[in-house]
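# quick one, fold the following:
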Amino acid sequence: MSENQIVYIIGFMGSGKSTAGKKLASLLDWKFIDLDKHIEEITGKSISEIFTGNGEDFFRETESRLLRNLKTHTHTIIATGGGTPCYSDNMEFMLNSGLTIYLKMTPGQLKSRLSGAKDERPLIKDIRPEDLQKYIEKKLDDRVKCYERSEKIVDGMNLDINKVFNYIKSRLND
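The predicted model follows:
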């Protein structure tokens, strides 16, 4: 683990990255940063506004830049956006600057979590309910190779936060 002791929580949208990140930060007595919320605070715009007004490429460039700006933080859990690891060389950056933990879930599990929250998610807000599963399957298929480069892969649906906490603690002692 890097000397700054940063843990990146990665996974598809709806996999519980922010929830797990907050719990882990609390258990470790560390700071917690939700990268999407950090982007909104810095830009003064919601993620949806950035996507709509500036496009996904602009968003991804901003996301990469702000992710790198967090490298000076210490004792911090960072919940990334679902696409963060798969753009630019963000995954390589995270692997080199901290510990990465992937919250793995199936497309069906993700669909059940995302169905009620489509309006808050710019990438899926315009997808018809009957097309959501196919969209998730395709996006997840595109991203899974990137996600699986993570140092630790855990079951996001049946997440045992204490096991993840103990894993992080063991890595701190390396």
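# could you pull out the helices in this protein for me?
17-28, 35-43, 47-69, 90-97, 107-114, 132-147, 161-172 (DSSP state H).
# of all the ones you listed, which lies closest to residue 75?
Counting by CB to CB, residue 75 lies closest to helix 17-28 out of the helices of the chain; the figure is 7.1 Å. Heads up, the C-betas are built off the backbone N, CA and C, glycines and all.
# buried ones in the closest one, by neighbour count?
Residues of helix 17-28 classed as buried by neighbour count (16 or more other CB atoms under 10 Å): 17, 18, 20, 21, 23, 24, 25, 27, 28.
# buried ones in stretch 41-49, by neighbour count?
In stretch 41-49, counting by 16+ other CB under 10 Å, buried: 43, 45, 46, 47.
# the first one: what's it in contact with?
By CB atoms under 8 Å, 6 or more residues apart in numbering, residue 43 lies in contact with 50, 62.
# can you give me the distance of it to residue 156?
28 Å (CB to CB, to the nearest Å).
# repeat for the last one
Counting by CB to CB, the gap between residue 47 and residue 156 amounts to 21 Å.
# with the second one instead?
Separation of residue 45 from residue 156 (CB to CB): 28 Å.
# for residue 147, which non-adjacent residue is closest in space?
Of all residues not flanking residue 147 in the chain, residue 102 sits nearest, at 4.8 Å (CB to CB, 6 or more residues apart in numbering).
# isn't that neighbour right up against residue 145?
No: assessed by CB atoms under 8 Å, residue 102 is found out of contact with residue 145, at 11.4 Å.
# where are the low-confidence patches of the chain?
The model of the chain has pLDDT under 70 over residues 1-4, 118-119, 174.
# do that again at 90, thanks
For the chain, applying pLDDT under 90 flags the ranges 1-4, 48, 51-52, 56, 112-131, 171-174.
# how about the residue sitting furthest away from the middle of it, what does it touch?
Of all residues in the chain, residue 130 has its C-alpha farthest from the mean position, at 25.3 Å, by CA atoms, centre = their mean. Contacts for residue 130 (CB under 8 Å, 6+ apart) come out as none.
# quick check: phi and psi on the most centrally placed residue in the chain?
The structure's the chain has its C-alpha centroid closest to residue 80; by CA atoms, centre = their mean the separation is 2.9 Å. Here is the backbone geometry of residue 80 (degrees, to the nearest 10): phi -90, psi 170.
# and the gap between it and residue 170?
Counting by CB to CB, the gap from residue 80 to residue 170 is 22 Å.
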